[in-house]
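1. Need a 3D model of the following:
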Amino acid sequence: MAVRLAVAADIPRIVQMVCALRAAIGGPVLPEPEKVAETVMILIGSPSGIVLVSDSGFIAGSISSTIISHERFAHELGWFATDNSGLRLLRAFEAWADSRGARVRLSTGPEDQVPARLREALHRRGYRPYETAWVK
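-> Numbering: from 1, shown residues only. Just a heads-up that it's a prediction; the model follows:
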């Protein structure tokens, strides 16, 4: 279960994992496979983007500042694993962000719906809930 940079040949598998992620969390937005594939390809080719994969997992994100500060954040755009590689993927994402002078911003479901094991692991790594997204 090595973690590595994604390549174009990984895109169909990543699209499947994005659909599985949405099904697992019951998200309110249906994935559009063509848009997922396009976004992953852009991230793979961008110096400010990254997509990492394992045998059955991925994490993707991009770096930008916020509207309130020049501080750089690596925004996780998708993170899913069914092969127990989730924390390895996160560590690799954190290392990439650190190498670019960026802090990490993760997105999860509502805290009360995040599995206790993941919530505890994130707290141990120094993460804390910060904002809540509302979708209509």
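
2. Just give the number of residues close to Gly78.
-> Applying the criterion other C-beta atoms under 10 Å, we find 20 residues in the vicinity of Gly78. Using the backbone N, CA and C atoms, a C-beta is placed for each residue, glycine as well.

3. what's downstream of the helix or strand that it is a member of, the next helix or strand?
-> Secondary-structure element containing Gly78, defined by DSSP states H and E: strand 72-81. Using DSSP H and E, the helix or strand that follows strand 72-81 towards the C-terminus is helix 86-99.

4. Tell me the buried residues in that next one?
-> Of the residues in helix 86-99, those buried by neighbour count under the rule 16 or more other C-beta atoms under 10 Å are 86, 88-90, 92-94, 96-97.

5. closest to Thr132 among these?
-> Of all the buried residues of helix 86-99, Thr132 sits closest to Leu90, with 20.8 Å by C-beta to C-beta.

6. and Met1, what does it touch?
-> Residues in contact with Met1, defined by C-beta atoms under 8 Å, 6 or more residues apart in numbering, are 54-55, 83-85, 88.

7. still on that earlier bit, what are the pairing partners of the strand holding Gly78, and which direction each?
-> The strands that strand 72-81 pairs with in its sheet are strand 57-65 (antiparallel), strand 103-105 (parallel) (by DSSP bridges).

8. ok now it, how far from the chain's centre?
-> 3 Å (C-alpha atoms, centre = their mean, to the nearest Å).

9. How far off centre is the lowest-mean-pLDDT helix or strand in the chain?
-> Confidence across the helices and strands of the chain bottoms out at helix 116-124, with a mean of 88, counting by mean pLDDT, DSSP states H and E. When C-alpha coordinates are averaged (C-alpha atoms, centre = their mean), helix 116-124 and its chain have centres 16 Å apart.

10. which residues sit against that helix?
-> The set of residues external to helix 116-124 that reach it, using C-beta under 8 Å, 6+ apart, is 86-87, 106, 108, 111, 114.

11. thinking again about what came up before, going through the contacts of Met1, which ones are buried?
-> Applying a neighbour-count criterion of 16+ other C-beta under 10 Å, the buried members of the contacts of Met1 are 54, 85, 88.
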